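Student: need coordinates for the following:
(chains A and B, ligands or ions: 1)
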Amino acid sequence: MQMPQPREELLAAKDRIVARLEEVLPDDAVISDEIELKAYECDALSAYRCPPLCAVLPASTEEVAAVMKVCHEAGVPVVPRGAGTSLAGGALPTADSVILGVARLNEVLETDYDNRFIRVQSGRTNLSVTGAVEADGFFYAPDPSSQLACAIAGNIAMNSGGAHCLKYGVTTNNLLGVTMVMADGEVVEIGGPYLDAGGLDLLGLVCGSEGQLGIVTEATLRILAKPEGARPVLIGFSSNVVAGACVSDIIKTGIVPVAIEFMDRPCIEATEAFVHAGYPDCEALLIIEVEGSDAEIEDQLSRIVAIAERHDPVEIRESASAEESAKIWLGRKSAFGAMGQINDYMCLDGTIPVSELPHVLERIGELSEHYGLRVGNVFHAGDGNMHPLILYNANEPGQLEKCEAMGADILRLCVEVGGCLTGEHGVGVEKRELMETQYAPADLDIQMAVKDVFDPGWLLNPAKVFPLEVSASRRA
Amino acid sequence: MKRIESEAELAEVVAGANGALRVKGGGTRDVGAPVVGEVLEVGISGVTLYEPGSLTMVVGAGTPVAEIDAVLAAEGQRLAFEPMDHRVLLGTTGAPTIGGAVAANVSGPRRIQAGAARDFTLGARFVDGQGRIVKNGGRVMKNVTGYDLVKLMAGSWGTLGVLTEVSLKVQARPETEATLVAEGLDPRAGVAKLSAALGSPFDVTGAAHEVGGRTLVRIEGLTDQVAYRTGALMDGVLAGFERIEGDASADVWAGIRDVAPLAAAEGAVWKVSVTPGDGPALLEALGDRVQGALMDWGGGLIWLRVPERGNCAAGVLREAVAKVGGHATLVRASAETRAQVPVFQPQPAPIAALSRQLKAKFDPRGILNPGLMGV
Ligand SMILES: Cc1cc2nc3c(=O)[nH]c(=O)nc-3n(C[C@H](O)[C@H](O)[C@H](O)COP(=O)(O)OP(=O)(O)OC[C@H]3O[C@@H](n4cnc5c(N)ncnc54)[C@H](O)[C@@H]3O)c2cc1C
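Tutor: Coordinates of the predicted model:
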C-alpha cells in the first residue's frame, strides 16, 4: 500500500501551522507532541501507520470551521477522525496532514419522541445514541459491531451497517440531516428532522463519502420505538452450501428477520476455543433473530425452523430466554476477537448476491489453500455482506503482502459474481487501488467531479477512495 | 420526439444533441418548471434480472411500474416504497415507468416505515449530459464502494442524467394487512394519534390523516401478528378506532398513496414535508387558503389544495415552512403557473450553489431538463 509523498514545504511549516491552530483553538485542543501523536497514527487497520503533522480536537462547529479556515489558507490536507475504528484505513493520516478529531463533540442536542428523531454532535458514540433514548423505549437502528467505540461521524462517513440492518437499513436510511463544515470553513445545513430533500439529495451524497466532502459536526437521526422483544434461533448445517440455500429460502418468505448471521467452521472453532459459547460441531451455522411479542416470536421462529428442517440441519436451538439468547449471540459477537487471538487478521467486506453465497464460499476455500493462509467467514448473510477474516502473521516477512494479495483476489471474486468491494467498511486506502475492478474510468471521473465541487483543492482526506494514479492530477 | 430503446443509442443522441432535451419516461409525472426542448422518451424496457431469493431486481428504466408489479406479484413480492401513481392527481395519461419513479424519488405511505424510492434503489446506470455512460452502486443490498450517486440521481428529475437501468431491493408481500380508522379528529388530535401509534412497538406501515375526514393507521404482517397488533393498539393508544381488513384496507392506502381525496376538485396542489408536529400549525397559518388537505407519513407529508391564483400562496407557505424547517413543492398547477412560481423550495445560498455546480459537472451544456428544478 502506498501513500502520496508528504509535501516538504508543509513539513517545514509545521511550527507555523500549529501556532495558527493554537490561535483559533483552546490550549489543550492542539496536539503536536510526537509521542502524543502516536495515538493518531492509525485506525483499526493497524497494518498501516503514519503520524500526522498534528491533531486538533475542536469542541464546537465554530471551532471546526476555524480549523478548516486555517488549513484551507495554508493548503494543509485534513483527515477527519471519529473514534478511529475504521477497518479500511479511512482515518489514516499522511505526515503532512492535520487530524481533525471530533471526539469532544459528543453532546445530545435534542430528542423528540413525537417526531421520532434525535440530534447529536457527531463525535457521540453509536451506542450512546441509543443509550440516550433507550429508557424511553426508543433506539437508533444501525448497530455496527464496533458500536461501543465508533462515532456517528465515522458511521456517516462510511455509511456503516450492522447486524440488524436487514430490517432497519444502514446509516443512510436512518440519517435525516447534518451540519457540515466545508473545506473552506463555511458551515452548511443539509436536511433536517423532516423526510427527503427539497432539491437534490445532497445528504445521500454526503453519507458514505468517507470524509472527503466536508466535516460533519452534527447529525439528525431517525429513532424508532423498540420492539416488544427479540429472540434468535441457532441452526447448524453440514455444509456452507446448505446454509446458504436456507438463507435464500427464508428471505423469500414473508418473514423479515432482523438479522441473519453466518459463521463457518474455522470461525466456529475459533470462537468455541475463545468464549465456549457451546456452539454445535458443524460446518456452518446461522443465527436468525426475529422480533415482536412472545407469541409473534414463536410464530416466526416456528416458520423459520420449518424451512430450516427442509435443509437437514445438524442442530436447531431456539432460544427460550434472555440467557439463552445471550449465549447464542456470545460467539458471534466475539468472533473478531476470537480470530484475533489466533493471529493477526485482515477483515474483508465484499458484498455478493445472496444466491452466490455457496459458490463464493467454495472459491474462498480454494484461495485459502492456494495462498496457505487460513480464512474464517462470519458475516451478515441476509444481505450478502461477507466478512472473510484472513489470518496472517505480521511478524513474518512477506505474510502481509500475501494476505493483501489474497484479499484482492477475494474482492475481485465478489465483483465478478455481481457484487461489490465493500458493503459497510468503506474503501479507504485498503480497497482504493481495486476501484477500477468495479468502476470504469467514466464512473470514477464523475465521482471525483463531485469532490471537485465540494472540495476544489482536494484537501479533505485526499489520498483515499480513488486509486492514487487516477486522482493524481486533481491532488497536485 | 425520439423514443430510444438502447443505452448506446441514448448516449449517442445525448452526445450529439445541440439543444435542450426533455427527458420522458411514461410522461405521467409532469412536475417542475415546464421544459422546452426535444422530447427524449426512454423506452429501455424489461426485467433483466430478478432473484426473489436475493430480493433484488434489475430493470430497464423505461419499464412500466405495472409490469414490475406483476412480475413481483407472481413471486409474492412487491416494491416496498409504494410509488404514487401521479395520473390520479395530475390527470395525465400514459404508463408510469420505474425510471420516472426513481428520478422523482416517488414514495408512498410506507415511506415512513420502510423508506423512500431512494432507499430501495441499489444501483443505477445513466447517461450524463455529455453522453457518457455511468454506473453507480450495484445489485447487492449493501454497497459503500465509492460515492453514492444513486441517491443523488433519485430525486434529480432527469436534470443530472438520463437513467437507463436501475437495480431495486424488493420486499416480500406480507400475509395480511389491516387498517385502524377513526373519524372526526382535528389535525392536532389526528397527528397526536399517529405519533402515538408510530411511537408504539407495533411497526406501523402507514399513518395518515385526511383533514376533515378519517385518521388511518396500517399494520402489515403475519395474520396472527396483525390481529394482535391492531388489537393492542385499539386497547391502547388508538382506543375508539375501528378495524378494516383485506381489500378494503388496501384500497384506503391506494387512495392515500395517489392523493385521491384531493384529486377531483380544481386547484393547485402542494406537497409539503415538515416534521409531523409542525403540520397542524402550518395548516392553521395558512387558514382558509387551504381548500383541502391530506396528511401522510405520520403528519409530516402534507398535501394541500389551494386556489390556483397568483403564486398559489407560495409566499406564506414557504415562509412558514422555512421557519420550522422543511420544503414545499408545487406538484399540481398549470404550466403557466409553474413557469412563474418556483416549483421546488428555494434553497439557502450555499446549498443552491452546490446544486448548481453539481449540475454543471453532470451536464456542462445544461441540456438535460434545463430549469425543471430551478437550478
Ligand atoms: C471490531 C470492529 C467491528 C466493526 N464492525 C462493523 C460493523 O458491524 N459494521 C460496520 O459498518 N463497520 C464496522 N466496523 C468498522 C468501523 O467501526 C466503522 O467504519 C465506523 O463507522 C467507523 O467509525 P469511527 O468513528 O471509528 O470513524 P473513524 O475510523 O475515525 O473514521 C472513519 C472515516 O470517517 C471519516 N470521518 C470521521 N469523522 C468525520 C467527520 N466528522 N466528518 C466527515 N468524515 C469523518 C474519516 O476520515 C474516515 O474516513 C468495525 C470495526 C471494528 C474495529
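
Student: quick one: name the residues of the stretch 251-375 of chain B near the ligand.
Tutor: By C-beta under 6 Å from any ligand atom, no residue of the stretch 251-375 of chain B approaches the ligand. Bear in mind the C-beta positions are built from the backbone N, C-alpha and C, glycine included.

Student: all strands of the stretch 251-375 of chain B, in order?
Tutor: Under the criterion DSSP state E, counting those that start in this stretch, the stretch 251-375 of chain B carries strands at the ranges B:268-273, B:292-296, B:301-306, B:327-332.

Student: can you say which of those is nearest to chain A?
Tutor: Comparison of those against chain A by C-beta to the nearest C-beta identifies strand B:327-332 as nearest, at 2.8 Å.

Student: ok, residue 253 - contacts?
Tutor: Picked chain A for this. A:Thr253 makes contact with A:Arg303, A:Ile307, B:Ala172, according to C-beta atoms under 8 Å, 6 or more residues apart in numbering or on different chains.

Student: wrong one, I was asking about chain B
Tutor: B:Glu82, B:Gly108, B:Pro109, B:Thr179, B:Gly206, B:Leu216, B:Arg218.

Student: make sure the third one is actually in contact with B:Arg257.
Tutor: Yes: here B:Pro109 reaches B:Arg257: they are 5.8 Å apart, a contact under C-beta atoms under 8 Å.

Student: in the stretch 51-200 of chain B, what residue is nearest chain A?
Tutor: B:Lys151 (2.4 Å).

Student: just the element for that residue, please.
Tutor: For B:Lys151, the host element (DSSP states H and E) is helix B:149-153.

Student: mind listing what the residue in the stretch 151-300 of chain A that the ligand sits nearest to touches?
Tutor: Nearest to the ligand in the stretch 151-300 of chain A, going by C-beta to the nearest ligand atom, is A:Gly154, at a distance of 2.0 Å. Contact analysis of A:Gly154 by C-beta under 8 Å, 6+ apart lists A:Arg81, A:Gly82, A:Ala83, A:Thr85, A:Ser86, A:Gly90, A:Ala91, A:Ser160.

Student: try 6 Å
Tutor: Counting by C-beta atoms under 6 Å, 6 or more residues apart in numbering or on different chains, A:Gly154 touches A:Gly82.

Student: can you list phi and psi of the residue lying farthest from the centre of chain B for me?
Tutor: Largest separation from the mean C-alpha position in chain B: B:Asp235, at 33.3 Å (C-alpha atoms, centre = their mean). Main-chain torsions, B:Asp235, degrees, to the nearest 10: phi -80, psi -10.

Student: which ones are touching it?
Tutor: B:Asp235 neighbours (C-beta under 6 Å, 6+ apart): none.

Student: picking up where we left off before, of B:Pro109 and B:Arg257, which one has the most company?
Tutor: For B:Pro109 versus B:Arg257, neighbours defined as other C-beta atoms under 10 Å in any protein chain shown are more numerous around B:Pro109 (25 against 22).

Student: just give the nearest non-adjacent residue to that one, would you?
Tutor: Among residues not flanking B:Pro109 along the chain, B:Gly206 sits closest, at 4.0 Å (C-beta to C-beta, 6 or more residues apart in numbering or on different chains).

Student: and for A:Ala449?
Tutor: According to C-beta to C-beta, 6+ apart, the nearest residue to A:Ala449 is B:Lys361 (4.1 Å).

Student: could you do B:Ile302 as well?
Tutor: B:Val272 (4.3 Å).

Student: how about the residue nearest to B:Pro109: which residues does it bridge to?
Tutor: With DSSP bridges as the criterion, B:Gly206 is bridged to B:Arg218.

Student: tally of neighbours for it?
Tutor: B:Gly206 is flanked by 28 other residues according to other C-beta under 10 Å.
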